[in-house]
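**Q** here are the coordinates; sequence isn't available:
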């Protein structure tokens with residue numbers, strides 16, 4: 001649909017018509033982050049390359065257009081932009097829409113015919129409802145036919161059409177780059193950067209893409225340097241052009257902790273896990289409701305706040321309480337801490353009435369509840385972090401959709417020693433005969449070790465389709 005930017009990647013904010021054709025053209029960072037994760041899940045479940053392609057499309061857009069020089073992620077691009085022929089006039093979607101003549105001029109007649117057939121481009125424009133007159137003779141690109149139908153229409157092999165469309169999109173991306181761009185909201189928000197860090201970390205796992213892991217690492221380094229007070233460790237909420245300000249809210253802590261846990265499971269740097277634990281302790285100190293349980297959105301330190309709210313709605317962004325419950329459960333499995341597990345249970349219990357009355361309002365809390373009620377799997381890979389056999393085992397873990405899992409690395413070094421202080425069973429786990437080895441464990445009791453990635457895949461698949 002038109003929600004997707006077929007030329008430049010990423011997704012617009014929402015649709016303004018019932019066909020999901022004409023979007024509100026604003027692009028938000030938090031949408032890109034959550035959509036990328038949804039497509040990564042779909043890729044793992046179906047093993048369909050289409051979903052992997054859309055995830056890459058989103059992430060590459062963010063790297064190109066929403067990432068700063070130091071790896072920080074910017075907040076949004078506006079919906080409005082100057083008209084290419086009339087810079088003084090700004091209209092919705094001016095940067096993104098096309099006249100049929102512009103496409104012919106950029107692509108040539110033959111390639112344009114195939115492109116127009118696939119994307120529904122019409123000489124008179126393809127927008128049915130245009131109450132403000134912004135889209136006269138304009139086209140919002142939307143996949144209007146299946147690729148094999150376009151191939152049949154022009155008597156071409158589907159692979160030829162696919163390559164032709166990819167080439168056309170690249171040509172139009174270069175042409176579009178010459179237009180006046182929408183305004184860039186170049187604030188760096190801690191919470192949204194945490195969500196995007198999760199997306200890049202997870203993508204590095206599922207797609208086996210090192211540059212996505214590097215993007216997540218650079219984001220973490222920027223947040224540590226610019227949005228964390230060096231004397232107290234307190235998070236700040238926003239940064240722009242060298243200026244950081246406003247003490248963080250609970251979503252800044254919860255979303256960043258989640259990002260750090262995903263980053264640990266992608267790169268296995270123990271420092272990311274340590275920081276996540278420090279932030280969790282600070283979140284508990286600053287936002288925990290000792291009487292009613294769960295987390296307030298703000299601290300009690302600001303006298304201007306007369307009523308401290310407690311967010312419970314998983315809307316355009318997830319509720320920090322839902323993410324906090326998940327974080328606490330994951331940290332409990334990584335450290336063996338009963339206190340963290342008890343706090344997670346208390347958090348979900350605090351919203352029992354809401355879950356009973358309107359469970360669809362808290363889908364992310366239901367994910368946390370599912371993790372709480374099942375026995376999570378601790379998948380421990382014993383091996384050298386950068387060795388080929390270790391990477392093969394890690395790829396086997398992330399190839400499958402395995403919810404409620406914790407991935408740990410027994411590296412024989414600092415990381416394993418840190419984990420073994422909390423989880424004694426990890427102390428003696430090691431590669432068998434010098435070969436990277438996987439241990440699938442529950443409640444710190446492990447099944448027989450595996451040294452063949454295909455055997456690990458089979459075991460994870462059988463668990464997914466068996467007792468679960």
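**A** Arrived safely, thanks for sending. No experiment lies behind these values; they were computed from the predicted model shown. Numbers count the residues shown, from 1 in each chain.

**Q** tell me the secondary structure for residue 91?
**A** strand (DSSP: H, G, I helix; E, B strand; the rest coil).

**Q** right, I mislabeled it, should have said residue 82
**A** strand.

**Q** Hmm, it is touching residue 94, no?
**A** Yes. With contact defined as CB atoms under 8 Å, residue 82 and residue 94 form a contacting pair (6.6 Å). Where C-beta positions appear, they are placed from N, C-alpha and C, glycine not excepted.

**Q** number of nearby residues for the residue lying closest to residue 443 once chain neighbours are set aside?
**A** Nearest residue to residue 443 in three dimensions, chain neighbours excluded: residue 375, at 6.6 Å (CB to CB, 6 or more residues apart in numbering). Residue 375 is flanked by 12 other residues according to other CB atoms under 10 Å.

**Q** just the strands in the chain please.
**A** 14-15, 23-24, 27-28, 76-77, 80-83, 86-92, 184-185, 188-189, 236-240, 243-247, 377-382, 405-410, 437-442, 445-446 (DSSP state E).

**Q** among these, which is the most enclosed?
**A** strand 188-189 (a mean of 26; mean count of other CB atoms under 10 Å).

**Q** Partner strands of it and their direction?
**A** The strands beside strand 188-189 in its sheet (DSSP bridges) come out as strand 236-240 (antiparallel).

**Q** rewinding a little: which residues are common contacts for residue 82 and residue 94?
**A** Shared contacts of residue 82 and residue 94 (CB atoms under 8 Å, 6 or more residues apart in numbering): residue 180.

**Q** from memory the residue nearest to residue 443 sits against residue 444, does it?
**A** No. If you go by CB under 8 Å, residue 375 and residue 444 don't touch, sitting 11.0 Å apart.

**Q** any idea what sits nearest residue 98, other than its immediate chain neighbours?
**A** Counting by CB to CB, 6+ apart, the residue nearest residue 98 is residue 139, at 5.0 Å.

**Q** I'd assumed residue 127 was in contact with the one you found.
**A** Yes. Counting by CB under 8 Å, residue 139 does reach residue 127; the two are 7.4 Å apart.

**Q** When these two are compared, which one has more neighbours?
**A** Comparing residue 139 with residue 127 by other CB under 10 Å, the one with more neighbours is residue 139, at 24 against 20.

**Q** which ones are touching the more buried one?
**A** By CB under 8 Å, 6+ apart, the contact set of residue 139 is 97, 98, 99, 100, 103, 119, 120, 121, 122, 125, 126, 127.

**Q** Which of those residues fall in helices?
**A** 100, 103, 119 (DSSP state H).

**Q** Count the residues that sit near the nearest residue to the second one once chain neighbours are set aside.
**A** By that I understand residue 103. Distances taken as CB to CB, 6+ apart put residue 112 closest to residue 103, at 5.1 Å, once the chain neighbours are dropped. Neighbours of residue 112 under the rule other CB under 10 Å: 19.

**Q** from what I can see residue 112 touches residue 101, true?
**A** No. Using CB under 8 Å, residue 112 is not in contact with residue 101, being 9.5 Å away.

**Q** so who does residue 362 touch?
**A** If a contact means CB under 8 Å, 6+ apart, then residue 362 has 312, 313, 314, 319, 322, 351, 354, 355 as its contacts.

**Q** again with residue 89
**A** When contacts are counted by CB under 8 Å, 6+ apart, residue 89 touches 82, 83.

**Q** gap between it and residue 432?
**A** Distance check for residue 89 against residue 432: by CB to CB, to the nearest Å, it reads 69 Å.

**Q** tally of neighbours for residue 256?
**A** Neighbour count of residue 256, defined by other CB under 10 Å: 31.

**Q** so it touches residue 280, yeah?
**A** No. Residue 256 lies out of contact with residue 280 (CB under 8 Å); the separation is 10.2 Å.

**Q** So what sits opposite the residue lying closest to residue 430 once chain neighbours are set aside in the bridge?
**A** Nearest residue to residue 430 in three dimensions, chain neighbours excluded: residue 382, at 5.3 Å (CB to CB, 6+ apart). Applying DSSP bridges to residue 382 gives these bridge partners: residue 410, residue 437.

**Q** Flag the shaky bits of this structure, pLDDT-wise.
**A** 463-468 (pLDDT under 70).

**Q** got the contact list for the residue nearest the centre of it?
**A** Centroid-nearest residue in the chain: residue 199, 2.6 Å away (criterion: CA atoms, centre = their mean). Contact analysis of residue 199 by CB under 8 Å, 6+ apart lists 32, 33, 34, 36, 37, 40, 58, 59.

**Q** how far away is it from residue 38?
**A** 10 Å.

**Q** ok, now residue 280?
**A** 26 Å.

**Q** the more surrounded of those two?
**A** residue 280 (22 against 15).

**Q** Report the contact partners of the more buried one.
**A** Neighbour list for residue 280: 253, 257, 327, 328, 331, 340 [criterion: CB under 8 Å, 6+ apart].

**Q** can you pull the contacts of the closest residue in space to the last one that isn't next to it in sequence?
**A** Put plainly, it is residue 340. Among residues not flanking residue 340 along the chain, residue 332 sits closest, at 4.1 Å (CB to CB, 6+ apart). Neighbour list for residue 332: 338, 340, 341, 344 [criterion: CB under 8 Å, 6+ apart].
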